[in-house]
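Asks: Kindly return the folded structure for what I paste below:
(chains A and B)
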Amino acid sequence: MHRHHLAACVAVLIIFVLGAAALSGCGGTTTTTAPAVGGADTTTAPATGGADTTTAPAAPTKSVKVGVVAWLGWPIGLGTQRSAEVMADTVNQAGGLDIGGEKYTVEVIAADDQNNAEGSRSAVEKLLSQDKVQYIIGDEFSGGWLQLTEEAKVPVVSVNPAPTIMDPKYKYSFQGSPFSSQFVEFYGWMAENRPEVKTVVCAFPDNQIGHIEADITDQAGKAFGFTVSEKLFYPPDATDFVAQAEKVKSANPDGFIAMGGGPASDLLVMKAVIQSGYKGALLQAAPVPNWATKAFISFDDVEGMISSAYALEADPMPAVAQVYWDAYMAKFPDDPPEPLGSNMVSILFAGLQKAGSVDPDAFAAAVGSGMTYESPLGPGQMIARPDLNNERTVDTVVALSIKQYAGGKVSVIHAMTVEEALGYMGTFAAASAQ
Amino acid sequence: MSTIVGLVVGGMASGLVYVLLAAGLILVLSVSRVFLIAYGQFYMVGAYIAYAGVVLLHVPFAAALAMAVVVVALLGMLTYLLVFRFVEHAERQFLATIVAAAGVMLILNQAVLSLFGASPRSVPTVFRGIMTVGSFSLSYEKLVLIGASVVVTLGLFAVYQRTRIGRAMRAVAVSPEVAGLHGISVTRVHLLTMGGAGMLAGFAGAMLAPMYGVHTEMGNGVFLTVMLVAMLGGMDSLVGAVLGGLVVGVTAGVGQYLLPNYSQIILYATIGVIIFLRPGGLVGRAAKVDV
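Replies: Prediction:
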């Protein structure tokens, strides 16, 4: 090969590496701190009250560093980072997070896990050793590095509902997503309020999440009195669902449920089933925000569909959700939130405030003793996991809402309370124990 | 009976999209010797251009489709001029093009993420409604997709077989050196090949955007399937791309219906057996690739 050709190749490769790095910010971390502008803080997290700007108190001299580990190239991960930043901005602009009577600036440092366990571990190692974070919002790979955070005494609020996260050997690990409760709540409500749905066919992706959710659905059927007549597993990367649609049409159950594939796959399966001519009840157990639903399916095409929903979708929204929504849309006006991560941040802020201290042991004790909190997704409560031999409240229930699509519009038809949600969870747990 | 018809027709609809994308991939590989692993990203860009046209610029879908075709064609040509032109004479050209294409893939992924964000986007359904014949139903959007894909595929064959540029592409595919000696501008052929492949990807992305939505992961998922289609049909045969796409589309659909837990195994086993029996694919020739 001629030298000038070799030089050209090397030059092109260097340009691409630099270009890719510049555009992607691969492995980089982002830090957000908002200057305090004064104002009273709130007693529930995130800030719900208006800021008092007639006097400008001194900016907080203390800060709490929060690391966010997530796949930043994916909506849920990016949404978690943005939710943390927006919620940090909100409390910082209101004077700081009130912890034990002192104001703390919340500093968010995000790290990309590159959607794999190795990347996740590297991100956490960096957050711990270089960025010296005091708390971490964890990703789905959290189970692989909890030993690190335990040794460093850094509490973790994770999105991963796997039993590892709630293992009693981990004192500082908590499950902060609504995954543990959202499906049970929906199925419990459905059985009570739609008793005509006696048989369902469900579609799941053929991966770990899909099979976990299939098992939950089976158990829910036994607990709440409906029959899962068929479970359809599809390749996780499938985009065409003709086969599944034909099966549903042939089986003609009372109801069809698509879940576990994320908004894209779940809604595409639903669309294919509708286009096949199936006329039964359309049910969506996983909450997919309306603005994400519209990306894949017209509201007219899902007439009558009943779905789980976040408090953000209510009209009017609860105060906590409204503050979050306003702050998020002000910062990202063209990109409505993927709000799942806001629940973990809410637990973190509420835990710090209840503990009255940034001390990790105080935080762990506060969160682990049945703490209640408000989040943009709905009201929540930490619960114990005796099935995992953990009597501390390391898991969470988030009381979601139920929405219905009718006449080309969607409206929330029921906002669950924590007591209701706990009731359904209790029924489910009792049936599962048999 | 209607179930079988539904499965076959539905499989054909997705299969025809694979046909278009595999044809573009094969075109670039056979003519320009570029293994364009960023081809899925071209398809993704086409979908985003369609979204930008319809939703942001409020143009009719037909105009947005034309925009997607033109923009991705230009993207293909630009990619050749800025990237692949410099590696086409590399000592290990095949590997060099893969590495370069990986860079293109990264840049396109991040560019789309930066411009449009990570949230999925929607393009309003253009051809609404369902056609029902007895107990068989097919959405109009799938019907249009099948029709348009057939027309484009036939058009591609016509260009490749019956036009001067098609003859030039075939000549360069056989031997760029000899083609050059016969007065064919090899660089121009490569440029037009990349542009043509871009057009196909842009068309496929834009046509599917209203059906499947638009999201940043759509390119990654489609490339593996397209590559399998190309291998199945023959990496140097457009006819093979057609056969491979239809086989994959229908097999995947029927397999998922009959044995959903094993559909992937059935599909890949089928492909594996065919390639074992015919290493060059259904129609192609077995070839040694210098890496």
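
Asks: Pull out the C-alpha coordinates of the helix or strand encompassing A:A243 and format them as PDB.
Replies: In the assignment (DSSP states H and E), A:A243 maps to helix A:242-251. In PDB, the C-alpha atoms belonging to helix A:242-251 read as follows (Å, rounded to 0.1, in the frame of the first residue of the first chain):
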ATOM      1  CA  VAL A 242     -48.600 -10.500  11.700                       C
ATOM      2  CA  ALA A 243     -48.100 -14.000  13.200                       C
ATOM      3  CA  GLN A 244     -49.000 -12.800  16.700                       C
ATOM      4  CA  ALA A 245     -52.000 -10.900  15.400                       C
ATOM      5  CA  GLU A 246     -53.300 -13.900  13.500                       C
ATOM      6  CA  LYS A 247     -53.000 -16.100  16.600                       C
ATOM      7  CA  VAL A 248     -54.900 -13.600  18.700                       C
ATOM      8  CA  LYS A 249     -57.600 -13.400  16.100                       C
ATOM      9  CA  SER A 250     -57.900 -17.200  15.900                       C
ATOM     10  CA  ALA A 251     -58.000 -17.500  19.700                       C
END
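
Asks: What residues sit buried inside that helix?
Replies: A:242-249, A:251 (16 or more other Cβ atoms under 10 Å in any protein chain shown). Any C-beta I mention is one placed from the backbone N, CA and C, and that applies to glycine too.

Asks: Next: stretch B:173-189.
Replies: Going by neighbour count (16+ other Cβ under 10 Å), the buried part of stretch B:173-189 is B:173, B:176, B:179, B:184, B:186, B:189.

Asks: Throw those residues into CSV and include pLDDT, secondary structure and distance to chain A, thanks.
Replies: Written out in CSV, the entries for those read as follows (pLDDT from 0 to 100; DSSP: H, G, I helix; E, B strand; the rest coil; distance: Cβ to the nearest Cβ, whole Å):
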residue, pLDDT, secondary structure, distance to chain A
B:A173, 89, helix, 22
B:P176, 88, helix, 16
B:A179, 90, helix, 21
B:I184, 90, coil, 22
B:V186, 91, helix, 16
B:V189, 94, helix, 20
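
Asks: Report the separation between the residue nearest to the spatial centre of chain A and A:E303.
Replies: When Cα atoms, centre = their mean is applied to chain A, the residue found nearest the centroid is A:L340 (2.6 Å). A:L340 sits 27 Å away from A:E303 when distances are taken as Cβ to Cβ, to the nearest Å.

Asks: again, but for A:A251
Replies: Here the distance between A:A251 and A:E303 works out to 21 Å (Cβ to Cβ).

Asks: Count the residues that sit near B:P60.
Replies: When counting by other Cβ atoms under 10 Å in any protein chain shown, one arrives at 11 neighbours for B:P60.

Asks: got a pLDDT number for the spatially closest residue to it that is not a sequence neighbour?
Replies: Counting by Cβ to Cβ, 6 or more residues apart in numbering or on different chains, B:P60 lies nearest to B:V54, which is 7.8 Å off, once chain neighbours are set aside. At B:V54, the model reports a pLDDT of 93.

Asks: Next, B:V54: phi, psi?
Replies: phi -80, psi -50 (degrees, to the nearest 10).

Asks: cool, and A:G95?
Replies: Listed backbone geometry of A:G95 is phi 110, psi 0, with angles given as degrees, to the nearest 10.

Asks: do the same with A:Y405
Replies: Its backbone dihedrals place A:Y405 at phi -100, psi 120, with angles given as degrees, to the nearest 10.

Asks: thought the residue nearest to the centre of chain A was touching A:R82?
Replies: No. When contacts are counted by Cβ atoms under 8 Å, A:L340 is not listed as touching A:R82 (11.2 Å).

Asks: quick one, helices of the stretch 1-150 of chain A?
Replies: Listed in chain order, the helices found in the stretch 1-150 of chain A under DSSP state H, counting those that start in this stretch are A:3-24, A:75-93, A:117-129, A:146-152.

Asks: same for chain B: which of the buried residues of helix A:242-251 are within range?
Replies: Among the buried residues of helix A:242-251, proximity to chain B is found for A:242-247, A:249 (Cβ under 8 Å from any Cβ of the partner chain).

Asks: Can you tell me which residues in the stretch 101-250 of chain A are near chain B?
Replies: For the stretch 101-250 of chain A, the residues in contact with chain B (Cβ under 8 Å from any Cβ) are A:206, A:232-235, A:237-240, A:242-247, A:249-250.

Asks: Looking at the stretch 101-250 of chain B, which residue is nearest chain A?
Replies: Each residue of the stretch 101-250 of chain B has a distance to chain A, by Cβ to the nearest Cβ, and the smallest belongs to B:G103, at 3.1 Å.

Asks: how far away is that residue from B:M131?
Replies: Distance of B:G103 to B:M131, computed by Cβ to Cβ: 45 Å.

Asks: The two: who's more crowded?
Replies: A direct count of neighbours by other Cβ under 10 Å for B:G103 and B:M131 places B:G103 higher, at 18 against 11.

Asks: for that one, helix, strand, or coil?
Replies: For B:G103, the assignment made with DSSP: H, G, I helix; E, B strand; the rest coil gives helix.

Asks: what does A:A384 give?
Replies: A:A384 carries the three-state label strand when classified by three-state DSSP.

Asks: so who does it touch?
Replies: Taking Cβ atoms under 8 Å, 6 or more residues apart in numbering or on different chains as the criterion, A:A384 is in contact with A:370, A:390-395.

Asks: A:V323 touches A:D89, doesn't it?
Replies: No. In this structure, A:V323 is not within contact of A:D89 by Cβ under 8 Å, at 11.2 Å.

Asks: Number of residues surrounding A:D218?
Replies: Neighbours of A:D218 using other Cβ under 10 Å come to 15.

Asks: any low-confidence regions in chain B?
Replies: In the predicted model of chain B, residues B:284-291 satisfy pLDDT under 70.

Asks: where exactly do the helices run in it?
Replies: When assigned using DSSP state H, the helices of chain B occupy the ranges B:2-32, B:39-51, B:61-79, B:85-87, B:93-116, B:140-162, B:164-174, B:176-181, B:186-212, B:218-233, B:238-258, B:263-277.

Asks: Now render the ones you listed as TSV, adding distance to A:F141.
Replies: Rendered in TSV, the data for the helices of chain B read as follows (distance: least, Cβ to Cβ, whole Å):
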stretch	distance to A:F141
helix B:2-32	32
helix B:39-51	25
helix B:61-79	34
helix B:85-87	36
helix B:93-116	21
helix B:140-162	38
helix B:164-174	45
helix B:176-181	47
helix B:186-212	28
helix B:218-233	19
helix B:238-258	29
helix B:263-277	24
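
Asks: Just say which of the ones you listed is most tucked in.
Replies: Compared across the helices of chain B, helix B:39-51 shows the largest average neighbour count, a mean of 29 (mean count of other Cβ atoms under 10 Å in any protein chain shown).

Asks: other SSEs contacting that one?
Replies: Using 3 or more Cβ pairs under 8 Å, 6 or more residues apart in numbering or on different chains; DSSP states H and E as the contact criterion, the secondary-structure elements in contact with helix B:39-51 are helix B:2-32, helix B:61-79, helix B:93-116, helix B:186-212, helix B:218-233.
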